[in-house]
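[1] below are the sequence and a predicted model for it; my questions follow.
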Protein chains: 2
Amino acid sequence: MGRWEPNARARLERAALELYTERGFDQTTVADIAERAGLTKRTFFRYFADKREVLFWGQGALQDAYIGAVADAPADATPMQLISCALAAAGAVVEERHELARQRQAVIAANPQLQERELLKRATLATALADALRERGVADPAASLAAETAIAVFKVAFARWIEASDDQRFSELIHESLGQLRSVAADA
Amino acid sequence: MGRWEPNARARLERAALELYTERGFDQTTVADIAERAGLTKRTFFRYFADKREVLFWGQGALQDAYIGAVADAPADATPMQLISCALAAAGAVVEERHELARQRQAVIAANPQLQERELLKRATLATALADALRERGVADPAASLAAETAIAVFKVAFARWIEASDDQRFSELIHESLGQLRSVAADA
């Protein structure tokens, strides 16, 4: 079964999330995941370094979206407009994965080590975003502050989205949270 | 040596930070710390559960400061004023510990497991602060957003303070960062 398998990454990811949900993360092996997906362990390792990576590979795509959007934003964009663009791009990455995002979040919430990993990834993301803002000429500490705030907005909007009905658009919640941030920060 | 030792906690903490800095966290034992402080292991364990706890016991005091300040703020305080009060109180907790804070940060930066622990503590703090804001009648998602933003402001100001000269007041950097947040958020 060394041959090309259509949509193998998505099948493995779905199988893994199902098993983590049914049995727990620690009780699931790579062999279980491959079997459930109808693929081999060898195919699994072509896509993921280990079973934890199934939960975190998307963070790379998220980071690329943030950074790319900041780099591509209009030349006269303010820091807040830069983070709005970044959040819109990051939102688009997860928008079509509502059910997977829910499953993933429940698996992570049940496992302290996965939570720590998630927090570390989020901190890395904030650092990368601050770097991207600096490259766009945003001075410090505004760059760090805007980046940390963007990650906070994403986190809050994401937590609401996970709880929301299937037809709730993530992009709307991002937009609302940004508005809320503006009014909270102005109201001193 | 079961007798009362004056200022034992502070002596143990200073000794631990010295040793973590000199030898690294993993290479230091509780026996080393007790010896350097001129105390017994038994005395160490009266104050700290383990050598990691020396680095994190202050988080409890920090959390109490945040929560207490929110509870005690004026009845008509806006969410932003509530977090300003919380940040001022949290700042006061660390203000006199500039050199210890620097040492601690360097030790944590050198050890991924300690970093993950730090991030987990920070996330717990954000959750506790959001709860305190909700108890003061701040609705969601403003409560979560304000709490996350406060933690971000603290983090950014703290990173600047660690780098700053000895006479830099932390409270000033908190104040500046809050102003910066306001102008970043308004500038959309």
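    Arrived safely, thanks for sending.
[2] what about residue A:114, which helix or strand?
    helix A:112-135 (DSSP states H and E).
[3] list the buried ones in that helix?
    A:114-123, A:125-126, A:128-130, A:132-134 (16 or more other Cβ atoms under 10 Å in any protein chain shown). Placement of C-beta: from N, CA and C, glycine included.
[4] also stretch A:165-174?
    Result for stretch A:165-174 [16+ other Cβ under 10 Å]: buried residues A:170, A:171, A:173, A:174.
[5] before we move on, what about stretch A:139-158?
    Residues A:141-158 are the ones in stretch A:139-158 that count as buried (16+ other Cβ under 10 Å).
[6] ok, and which of those reach chain B?
    When Cβ under 8 Å from any Cβ of the partner chain is applied, the members of the buried residues of stretch A:139-158 adjacent to chain B are A:141-142, A:144-146, A:148-149, A:151-153, A:155-157.
[7] mind jotting down where the helices sit in chain A?
    Per DSSP state H, chain A carries helices over the ranges A:8-23, A:30-37, A:41-47, A:53-56, A:58-72, A:79-95, A:98-109, A:112-135, A:142-163, A:170-186.
[8] just the CA trace of the third one, in PDB.
    Output for helix A:41-47, consisting of C-alpha atoms alone and laid out as PDB, is shown next (Å, rounded to 0.1, in the frame of the first residue of the first chain):
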ATOM      1  CA  LYS A  41       1.100   3.300   9.500                       C
ATOM      2  CA  ARG A  42       3.600   4.100   6.800                       C
ATOM      3  CA  THR A  43       1.200   6.400   5.100                       C
ATOM      4  CA  PHE A  44       0.400   8.000   8.500                       C
ATOM      5  CA  PHE A  45       4.100   8.800   9.000                       C
ATOM      6  CA  ARG A  46       4.300  10.400   5.500                       C
ATOM      7  CA  TYR A  47       1.900  13.100   6.800                       C
END
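[9] chain B contacts on chain A?
    Residues of chain A lying near chain B (Cβ under 8 Å from any Cβ): A:78-81, A:84, A:112, A:115-117, A:119-120, A:122-123, A:141-142, A:144-146, A:148-149, A:151-153, A:155-157, A:159-160, A:176-178, A:180-188.
[10] the inter-axis angle of the one helix or strand in chain A whose mean pLDDT sits lowest versus helix B:79-95?
    Using mean pLDDT, DSSP states H and E, helix A:170-186 stands out as the lowest-scoring helix or strand of chain A, at a mean of 90. With axes from the mean of the first three to the mean of the last three Cα atoms, to 10 degrees applied, the angle from helix A:170-186 to helix B:79-95 works out at 70 degrees.
[11] packing partners for helix A:170-186?
    Here helix A:170-186 touches helix A:79-95, helix A:142-163, helix B:79-95, helix B:142-163, helix B:170-186, going by 3 or more Cβ pairs under 8 Å, 6 or more residues apart in numbering or on different chains; DSSP states H and E.
[12] report the buried residues of it.
    Buried, per 16+ other Cβ under 10 Å, within helix A:170-186: A:170, A:171, A:173, A:174, A:175, A:177, A:178, A:180, A:181, A:182, A:184, A:185.
[13] which one of those is nearest chain B?
    Of all the buried residues of helix A:170-186, chain B sits closest to residue A:185, with 3.5 Å by Cβ to the nearest Cβ.
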